[in-house]
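Visitor: Quick check, what structure comes out for this input:
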Amino acid sequence: MSKETKASSGLQKRRLSCSTCFDALWFCYSPVHQMQQYYRLGVLDNCNEKWSALYDCLKLKTKRSTEVQEILEARGRAKPHIWTIRTPEEASSHWKKLYGHLDKPE
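Guide: Here you go, the predicted structure:
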């Protein structure tokens with residue numbers, strides 16, 4: 001197996017790390033985060049989402065790497081994309097509909 005093949009296969013496999021989930025949970029209980037939440041929303045954060053993310057990550061760590069890859073890929077496909085993908089023609093007509101009045105002289 002060549003070095004390029006090893007490198008490309010290594011890039012495909014992601015190593016699952018729960019340290020980011022743990023760091024997010026740790027920050028959630030910090031006074032800074034709690035005061036921000038109280039200022040913005042009027043309530044303190046109970047950090048349930050962070051606990052769920054950490055539990056989910058730790059649960060994934062007990063599975064085989066092939067299962068983890070499949071689960072993560074399925075989650076990635078299930079997330080809605082934040083952008084609306086348009087063809088150049090669709091983008092042009094949408095742009096003209098929104099901003100076409102700016103092209104007309106006053």
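
Visitor: What is the burial count for C47?
Guide: Number of residues near C47 (other C-beta atoms under 10 Å) recorded here: 19. Bear in mind the C-beta positions are built from the backbone N, C-alpha and C, glycine included.

Visitor: Look up how far A53 lies from it.
Guide: In this view, C47 and A53 are 10 Å apart by C-beta to C-beta, to the nearest Å.

Visitor: now C21
Guide: Going from C21 to A53 by C-beta to C-beta gives 5 Å.

Visitor: swap in A74?
Guide: Remark: distance between A74 and A53 (C-beta to C-beta) = 17 Å.

Visitor: Tell me which of those two has more neighbours.
Guide: A53 (17 against 9).

Visitor: Please point out which parts of the helix or strand harbouring that one sit buried.
Guide: According to DSSP states H and E, A53 maps onto helix 48-61. Of all the residues in helix 48-61, those buried under the rule 16 or more other C-beta atoms under 10 Å are K50, A53, L54, C57.

Visitor: Excluding sequence neighbours, find me the nearest residue to R86.
Guide: Closest residue in space to R86, ignoring its immediate chain neighbours: H94 at 6.6 Å, by C-beta to C-beta, 6 or more residues apart in numbering.

Visitor: any idea which element that neighbour lies in?
Guide: helix 88-99.

Visitor: Going by neighbour count, list what's buried in that helix.
Guide: So, applying 16+ other C-beta under 10 Å, helix 88-99 has no buried residues.

Visitor: And the contacts of it?
Guide: R86 (C-beta atoms under 8 Å, 6 or more residues apart in numbering).

Visitor: Show the average pLDDT along stretch 51-70.
Guide: Per-residue pLDDT over stretch 51-70 has a mean of 92.

Visitor: Restrict it to CA atoms and write it as PDB.
Guide: The C-alpha coordinates for stretch 51-70 follow below in PDB (Å, rounded to 0.1, in the frame of the first residue of the first chain):
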ATOM      1  CA  TRP A  51     -25.300  16.200  29.200                       C
ATOM      2  CA  SER A  52     -27.100  14.500  26.300                       C
ATOM      3  CA  ALA A  53     -24.300  15.200  23.900                       C
ATOM      4  CA  LEU A  54     -21.700  13.800  26.300                       C
ATOM      5  CA  TYR A  55     -23.800  10.700  27.000                       C
ATOM      6  CA  ASP A  56     -24.300  10.200  23.300                       C
ATOM      7  CA  CYS A  57     -20.600  10.500  22.600                       C
ATOM      8  CA  LEU A  58     -19.600   8.100  25.400                       C
ATOM      9  CA  LYS A  59     -22.200   5.600  24.100                       C
ATOM     10  CA  LEU A  60     -20.700   5.900  20.600                       C
ATOM     11  CA  LYS A  61     -17.300   5.100  22.000                       C
ATOM     12  CA  THR A  62     -18.500   1.600  23.000                       C
ATOM     13  CA  LYS A  63     -19.500   0.700  19.400                       C
ATOM     14  CA  ARG A  64     -17.300  -0.600  16.600                       C
ATOM     15  CA  SER A  65     -15.600   2.000  14.400                       C
ATOM     16  CA  THR A  66     -17.600   0.900  11.300                       C
ATOM     17  CA  GLU A  67     -20.800   1.400  13.200                       C
ATOM     18  CA  VAL A  68     -19.700   4.800  14.400                       C
ATOM     19  CA  GLN A  69     -18.800   5.800  10.900                       C
ATOM     20  CA  GLU A  70     -22.300   4.700   9.700                       C
END
